[in-house]
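Peer 1: Have a look; sequence and predicted model below, questions after that.
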Amino acid sequence: MSSPSSEPRPASSAEASHIGLSQNSKDCLACRVIGTGALGGVGVYALNQSRAHAPGSVVGKRIMAGVGVCFLVASALRWTK
């Protein structure tokens, strides 16, 4: 027999917005710098793997170039948002 106060109650929409990440949440400066640097580093690495003298097929190099550009765009978005 459990008491009524021990059962979880459903969260209202106002409470639910405070539980998860909100649209207006801000990261600290160190988190933004580390995240931007990591995404930018992976993007530069992927672009380096797509250079003409790197081993691999032409299709693989084009895929790596696309991945590199996507990571660099993500890095820029990470810094600005």
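Peer 2: In hand now; what should we look at? Residues are numbered from 1 along each chain as shown.

Peer 1: quick one: contacts for Y45?
Peer 2: Contact partners of Y45, counting by C-beta atoms under 8 Å, 6 or more residues apart in numbering, are G68. Backbone N, C-alpha and C define where each C-beta goes, glycine included.

Peer 1: cool, and C70?
Peer 2: With contacts defined as C-beta under 8 Å, 6+ apart, the neighbours of C70 are G43.

Peer 1: switch the cut-off to 7 Å
Peer 2: Counting by C-beta atoms under 7 Å, 6 or more residues apart in numbering, C70 makes contact with nothing.

Peer 1: Tell me the buried residues in the helix or strand hosting it?
Peer 2: Assessed by DSSP states H and E, C70 sits inside helix 58-80. Neighbour-count burial for helix 58-80 flags K61, M64, V67, G68, F71, L72, A74, S75, R78 (criterion: 16 or more other C-beta atoms under 10 Å).

Peer 1: Tell me where this protein is predicted with low confidence.
Peer 2: Scanning the chain for pLDDT under 70 picks out 1-25.

Peer 1: how about a cut-off of 90?
Peer 2: In the predicted model of the chain, residues 1-28, 52-56, 81 satisfy pLDDT under 90.
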